[in-house]
Structure formats: C-alpha cells, structure tokens
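Q: Okay, here's the prediction I keep looking at, along with the sequence it came from:
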Amino acid sequence: MTMTDISLTDLEIHSFTRFDRDWALLTAGTSDDFNSMTISWGGLGTIWGMPVAFLVVKPVRYTFEFLCRHDELTLSWFGPEYKKALKIFGSKSGRDTDRVAETGLTPGEVDGAISYQEANEVMVCRKVFMQQLDRSKFPEEVLQWYPEGTREEHAHYLVIAQVKRILRDQK
C-alpha cells in the first residue's frame, strides 16, 4: 500500500461519523512499547493554534498506560473489511491477548509512532494535554455511560493530540 501525505487543510471528512461509525485504532507508544485500542468517540478541530484530535480514553483501558508513558500516538482508519479486527481490538485487552497475532494486522513505524500497514488513513499525532473529566459535572443523561459499582464508573480522560501528519492510501 502506498501512502501519500494529505495537507491538513485539505482533509475532508464526515464529522459525525468519523469516529462513531468508521472507528479507528488509537495506538500509543513507540516500536518497542506500544498498544492499540479501537475508539469510536472523538473529534477533530483546532485549539491553541494547532490542528488537533480530541479523544477520550477510560483509565481502565490498557492503552491508557501507554498514553501516560508516551507522547507519540496515531489514529488509523481501515476499510470495512477490517471491522472484525477492530472489534477484537475494542473487546479484548492487550494485557491478556496478542491482538496483532489474532487479527493479522501488521504494525509499522511512522515518524516515531506506530500504525498498521493495512490502514487506509493514518494521523500521526503528539499528545499535548491529558486530564480526567470531572464526573460530578456530567449532566444526568450521560451518567448511563458510567454505571456506579462497575469498572466503567471511572470517567474518561480527555486527550488532546496535535495532528502532525496525515497519510492516506491513494488507491
């Protein structure tokens, strides 16, 4: 697959389906220390004069540990034929399962971060901010996502990552 740089100002996407329906693999770390997880919540925009990805990650996710250790991360999108692989990355933990072996995806380095050769679009990013959301400030209708007494009760961390480069498969 041949990837080509896409100008950050030329990126055109469907804002409300980009994460929610298309899903992406968030990969944090470097070639000798990385983990990936499927994400379906996030957005793209501008803050502090830079193009950024806004992501949310629960502290119980294994990838969260890698986000704490590393500033390098990628967001990788895939064609529909990889939906099963993305389900595995979203439902099984890298603590317990070798998801790369199970899915057959091929990790590779891009600008010091890790993505997958099968991706059809990759955003290479640098983490610039990470802080836990304050659950006590949530409106009542979103508390369903944080059921008390479960491992899911912990609020997400907001991660703001500067988008440094976008690569797209030019089939």
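A: Structure's in. What do you need?

Q: Residue 135 and residue 155 touch, don't they?
A: Yes: in this structure, residue 135 is within contact of residue 155 by C-beta atoms under 8 Å, at 4.2 Å. (C-beta placed from N, C-alpha, C; glycine too.)

Q: These two: who's more crowded?
A: residue 155 (19 against 14; other C-beta atoms under 10 Å).

Q: The helix or strand containing residue 27 pairs with which strands, parallel or anti?
A: Using DSSP states H and E, residue 27 sits in strand 24-30. Take DSSP bridges as the rule and strand 24-30 pairs in its sheet with strand 33-39 (antiparallel), strand 72-77 (antiparallel).

Q: May I have that strand as PDB, with CA atoms only?
A: Extracted C-alpha coordinates of strand 24-30, given in PDB (Å, rounded to 0.1, in the frame of the first residue of the first chain):
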ATOM      1  CA  ALA A  24     -10.200   4.000  14.400                       C
ATOM      2  CA  LEU A  25      -7.300   2.300  16.100                       C
ATOM      3  CA  LEU A  26      -5.600   4.600  18.700                       C
ATOM      4  CA  THR A  27      -2.100   3.400  19.100                       C
ATOM      5  CA  ALA A  28       0.100   5.000  21.700                       C
ATOM      6  CA  GLY A  29       3.800   4.400  22.100                       C
ATOM      7  CA  THR A  30       6.900   3.600  20.100                       C
END
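
Q: Could you export the strands paired with strand 24-30 as TSV, including mean neighbour count and mean pLDDT?
A: As requested, the strands paired with strand 24-30 are arranged in TSV below (neighbours: other C-beta atoms under 10 Å; pLDDT from 0 to 100):
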stretch	mean neighbour count	mean pLDDT
strand 33-39	22	96
strand 72-77	25	98
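
Q: mind checking which of these is nearest residue 91?
A: Across these, residue 91 has its closest neighbour in strand 33-39 (8.1 Å, C-beta to C-beta).

Q: Distance from the chain centre to that closest one, please.
A: Centroid separation for strand 33-39 versus its chain: 7 Å, with C-alpha atoms, centre = their mean, to the nearest Å.
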